[in-house]
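Q: sharing a sequence plus its predicted fold:
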Amino acid sequence: MTDSQASTTTSAASGTRVGTNPVAAAPVGARTAADVVTPEVIAQLTRGVVGSGRTANHSPFTGEKLADLPESAPEDVEAAFVRARAAQPAWAATPVRARAAVLLRFHDLVLQRQSEVLDLIQLETGKARLHAHEEVQAVAVSARHYGRRAVAYLKPKRHTGVVPTLTKVTELRQPRGVIGQIAPWNYPLELSVGDALPAFVSGNAVVMKPDTETALTALWARDLLIEAGLPAEVFQVVLGVGPVIGPEVVQRADYVSFTGSTTTGRDVALRAAARLVGVSLELGGKNPMLVLEDADVEKAAEGAVRACFSSAGQLCISIERLYVHASVADAFVERFAARTKAMRLGNSLAYGADMGSLVSGRQLETVTQHVAEAVEKGAVVVAGGAARPDIGPYFHEPTILDNVQEPMAVCTQETFGPVVSLYRFTDEDEAVTLANATPYGLNASIWTKDARRGHRIAARLRAGTVNINEGYAPAYGSVQSPMGGMKDSGLGRRHGSEGILKYTEAQTVAQQRLIPLAPAFGMDDEKYAAFMSRSLKAMKAFRLR
Ligand SMILES: NC(=O)c1ccc[n+]([C@@H]2O[C@H](COP(=O)([O-])OP(=O)(O)OC[C@H]3O[C@@H](n4cnc5c(N)ncnc54)[C@H](O)[C@@H]3O)[C@@H](O)[C@H]2O)c1
């Protein structure tokens with residue numbers, strides 16, 4: 001289909017004709033799912049995956065089955081941990097430099113063979129190629145960062161003891177052992193193997209449970225890591241039903257790295273707490289954007305499109321609440337709506353579409369329910385509003401809702417789809433209070449021409465990341481700085497030093513010098529006083545560093 005076939009659609013919720021999103025102008029890519037996911041590819045990627053059952057995944061573009069995959073039972077998870085545990089000590093004994101070299105080779109391979117994984121990401125998630133590409137970039141940048149910086153991050157640190165001449169103290173970073181990693185479907189490369197890279201380079205083995213719907217992408221990256229030099233046994237993958245095998249992973253891991261919903265994350269945290277193992281939790285969000293009265297309205301509208309609709313809004317940092325100062329609201333909404341209506345939806349394995357599909361019928365159901373309920377309670381559809389079965393079974397238009405108020409679900413619950421609600425404010429304090437009025441605290445965005453004001457407001461927002469004059473900073477923009485959530489959006493951070501040190505345990509080794517200690521016992525009073533005075537002087541001279 002082409003632009004000429006652009007259709008005006010009917011809002012499922014309101015029955016009014018509101019949408020104008022054209023179908024992608026790009027011709028349907030010549031490759032189909034059958035060309036990409038061949039029996040040979042499936043056999044190659046699932047080699048070594050422990051699983052006696054069978055499961056399948058599907059393409060959101062068409063709903064067709066992509067692959068039959070192994071399904072792991074609890075005993076298969078146990079076997080995966082046994083293999084990983086046996087392989088981990090030799091990997092941990094490999095010099096950091098050699099481990100880091102694997103990441104650098106992986107970086108090169110990912111860039112050389114990115115077209116393969118772009119196809120897989122698109123076929124498994126239904127996202128536009130542009131957004132699949134951002135994910136590939138993010139993983140490449142992360143591999144390069146940790147490949148180059150691992151030695152510095154993991155280097156032993158020397159400390160002096162309280163009496164420096166007597167004690168030499170070394171702080172080491174020991175791998176935790178076998179990491180249990182549980183990943184969602186929305187960024188199947190970045191949040192699976194991408195997140196595991198710092199775990200590997202710090203000497204751990206990993207047992208990963210990707211989401212089955214996007215398992216081929218994770219398996220492709222595993223294959224590439226092995227080609228880059230990672231010992232195969234160090235990286236085990238299990239596949240299957242989350243509530244069945246997820247807890248089995250948590251039950252055996254030395255540390256759990258979880259990305260997914262807040263509800264599941266809480267369950268994972270409780271199970272890990274019972275075993276006294278650490279967790280990092282990257283969870284949901286209901287992220288706000290503030291457009292202040294001095295914002296560049298044109299740029300803010302452009303930024304809002306990226307922030308709200310990238311990956312069809314199925315992005316943890318996606319903006320779902322937009323607070324606009326009343327004095328610029330009309331100008332902003334006009335521009336934002338025009339850009340949104342011009343977005344091209346598409347399902348081809350080619351560039352050209354601005355937005356792809358939702359991942360599944362379940363996601364589409366949440367989106368249509370949230371929109372329908374809001375409209376029923378008085379919300380106004382400014383753009384979009386409708387599902388688009390004419391393009392694919394789970395497509396939905398990018399949607400802007402106005403006149404939104406509680407108790408509509410869109411106000412408080414994470415939609416995780418291409419739906420954003422508009423609110424107007426007149427006072428900065430009011431905007432900050434509204435932005436913070438959520439259990440979540442993942443991402444926030446502020447638009448203002450006054451940078452100092454932006455930073456002042458950022459400090460008042462309870463969000464792990466605050467973007468000023470940007471709404472959506474792709475991960476590769478910030479690989480050196482920590483990313484994660486406050487409040488119900490999570491615990492711990494990815495990226496930067498926190499993103500690698502969490503996979504290690506600090507170990508202090510204090511070495512005493514083998515010199516004869518002063519014979520305090522048996523000294524006469526005069527000698528004892530002189531000895532104590534010398535010791536005290538040494539203590540005072542010592543400066544804490
Ligand atoms: N903060 C972040 O960085 C980030 C990134 C991406 C997605 N997310 C969040 O993830 C959610 C969407 O992902 P989802 O729907 O796949 O989440 P989900 O919680 O349903 O599933 C995440 C993973 O956990 C597994 N799982 C399910 N039940 C489990 C259990 N009881 N124990 C252990 N594992 C279990 C699933 O199979 C999947 O692999 C959204 O809320 C989104 O905001 C957060």
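A: The structure has been received and is ready for your questions.
Q: spell out which residues of this structure are next to the ligand.
A: 182-187, 191, 209, 211, 242-243, 246-247, 259-261, 264, 267-268, 282-285, 316, 414, 416, 442, 485, 490 (C-beta under 6 Å from any ligand atom). Every residue, glycine included, has its C-beta placed from N, CA and C.
Q: repeat that for 5 Å
A: Residues of the chain lying close to the ligand (C-beta under 5 Å from any ligand atom) are 182, 184, 211, 242-243, 246-247, 259-261, 264, 267, 282, 284, 316.
Q: now, of those, which are buried?
A: For the residues of the chain next to the ligand, a burial check counting by 16 or more other C-beta atoms under 10 Å picks out 182, 184, 211, 246, 247, 259, 260, 264, 267, 282, 284, 316.
Q: dump those into JSON lines; add pLDDT as well.
A: Formatted as JSON lines, those follow (pLDDT from 0 to 100):
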{"residue": "182", "pLDDT": "98"}
{"residue": "184", "pLDDT": "98"}
{"residue": "211", "pLDDT": "97"}
{"residue": "246", "pLDDT": "98"}
{"residue": "247", "pLDDT": "98"}
{"residue": "259", "pLDDT": "98"}
{"residue": "260", "pLDDT": "98"}
{"residue": "264", "pLDDT": "98"}
{"residue": "267", "pLDDT": "98"}
{"residue": "282", "pLDDT": "98"}
{"residue": "284", "pLDDT": "97"}
{"residue": "316", "pLDDT": "95"}
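Q: rewinding a little: in strands, which of the residues of the chain next to the ligand fall?
A: 182, 259, 282 (DSSP state E).
Q: out of those residues, the closest to residue 272 would be?
A: Ranked by distance to residue 272 (C-beta to C-beta), these are led by residue 182 at 11.0 Å.
Q: what's the span of stretch 435-452, first residue to last?
A: 19 Å (C-alpha to C-alpha, to the nearest Å).
Q: return the residues in contact with the residue lying closest to residue 216 once chain neighbours are set aside.
A: Computed as C-beta to C-beta, 6 or more residues apart in numbering, the closest residue to residue 216 that is not its neighbour in sequence is residue 120, at 5.2 Å. Contact analysis of residue 120 by C-beta atoms under 8 Å, 6 or more residues apart in numbering lists 36, 37, 216, 217, 220.
Q: looking at it, the third one is touching residue 45, isn't it?
A: If I follow you right, that is residue 216. Yes - the criterion here is C-beta atoms under 8 Å, and residue 216 meets it with residue 45 at 5.9 Å.
Q: okay, these two: which has more neighbours?
A: Between residue 216 and residue 45, counted using other C-beta atoms under 10 Å, the more crowded position is residue 216 (27 against 23).
Q: that one: what secondary structure?
A: helix (DSSP: H, G, I helix; E, B strand; the rest coil).
Q: what helix or strand is residue 510 located in?
A: Taking DSSP states H and E as the criterion, residue 510 maps to strand 504-512.
Q: can you tell me which residues contact the nearest residue to residue 485 once chain neighbours are set aside?
A: In space, and not counting its chain neighbours, residue 485 is closest to residue 442: 4.3 Å by C-beta to C-beta, 6+ apart. Applying C-beta under 8 Å, 6+ apart to residue 442 gives the contacts 283-285, 287, 316-317, 463-465, 484-486, 489-490.
Q: likewise residue 267?
A: residue 247.
Q: just the pLDDT for residue 402.
A: pLDDT recorded at residue 402 is 97.
Q: next up, phi/psi of it, please.
A: For residue 402, the backbone dihedrals (degrees, to the nearest 10) come out as phi -120, psi 170.
Q: can you get me a residue count around residue 254?
A: Around residue 254 there are 20 residues (other C-beta under 10 Å).
Q: that one contacts residue 179, doesn't it?
A: Yes - counting by C-beta under 8 Å, residue 254 touches residue 179, with 6.8 Å between them.
Q: who touches both of those two?
A: Joint contacts of residue 254 and residue 179 (C-beta under 8 Å, 6+ apart) are residue 204.
Q: packing partners for whatever helix or strand residue 137 lives in?
A: Assigned by DSSP H and E, residue 137 belongs to helix 129-154. Packing contacts for helix 129-154, counted by 3 or more C-beta pairs under 8 Å, 6 or more residues apart in numbering; DSSP states H and E, involve helix 96-112, helix 114-125, helix 195-201, helix 496-501.
Q: mean pLDDT and distance to residue 236 added to the ones you listed, as CSV?
A: As requested, those are exported to CSV (pLDDT from 0 to 100; distance: least, C-beta to C-beta, whole Å):
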stretch, mean pLDDT, distance to residue 236
helix 96-112, 98, 17
helix 114-125, 97, 20
helix 195-201, 98, 11
helix 496-501, 97, 21
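Q: comparing those helices, which comes out most buried?
A: For these, the largest average neighbour count (mean count of other C-beta atoms under 10 Å) is found in helix 195-201, namely a mean of 27.
Q: ok now it, how far from the chain's centre?
A: The gap between where helix 195-201 is centred and where its chain is centred comes out at 14 Å by C-alpha atoms, centre = their mean, to the nearest Å.
Q: now swap in stretch 119-132 and tell me
A: Using C-alpha atoms, centre = their mean, the offset of stretch 119-132 from its chain centre is 16 Å.
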